[in-house]
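**Student:** this one's structure only:
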């Protein structure tokens, strides 16, 4: 929920014309980056460079502080846990991995899944670029939905990000 609050704060600060602080609000991504990892890139592609650099600063400082606190052994243990979490079937059941695995025959369904996830992420960023003039909501909607589709692992409560994406979409006054 804190990541969703950080992304919502980013949106609100962009609307209030405080782009640098909007980027700083994305520091919440450090908690669970897989939930909104495309948002900083979407800010850059939409021309919100000050917000992008604010997110780079916030996330960079948090990454540096975490790296210093963990040390090399802690970073290696964290990488091992991330690799393990991406391979646990319970964590992957909400991603596209089971679908690709059931369709792909052969020894490389994981590699195919990663290629498809990368293609979805790139497609989402392309949509963000194409919709960049329609309002700040269109920075976040494709980035959030595409990011969740491209995520290597998700939990059920991570789908709360879809609620944020839906709320932002409804703010665009879509046709009935």
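**Tutor:** Arrived safely. Since we're looking at a predicted model, the values are computed, not measured.
**Student:** quick one: buried residues of the lengthiest helix in the chain?
**Tutor:** The helix that spans the most residues within the chain, counting by DSSP state H, is helix 49-87. For helix 49-87, the neighbour count (16 or more other CB atoms under 10 Å) marks 50, 51, 52, 53, 54, 55, 58, 59, 86 as buried. Bear in mind the C-beta positions are built from the backbone N, C-alpha and C, glycine included.
**Student:** for the residue nearest to the spatial centre of the chain, grab phi and psi.
**Tutor:** Closest to where the C-alpha atoms of the chain average out (CA atoms, centre = their mean) is residue 36, at 2.0 Å. Here is the backbone geometry of residue 36 (degrees, to the nearest 10): phi -150, psi 30.
**Student:** I figured it hits residue 161, correct?
**Tutor:** Yes - Residue 36 is within contact range of residue 161, at 6.6 Å (criterion: CB atoms under 8 Å).
**Student:** which neighbours do the two share?
**Tutor:** Any residue near both residue 36 and residue 161 by CB atoms under 8 Å, 6 or more residues apart in numbering counts here, and that gives 3, 7, 144, 147.
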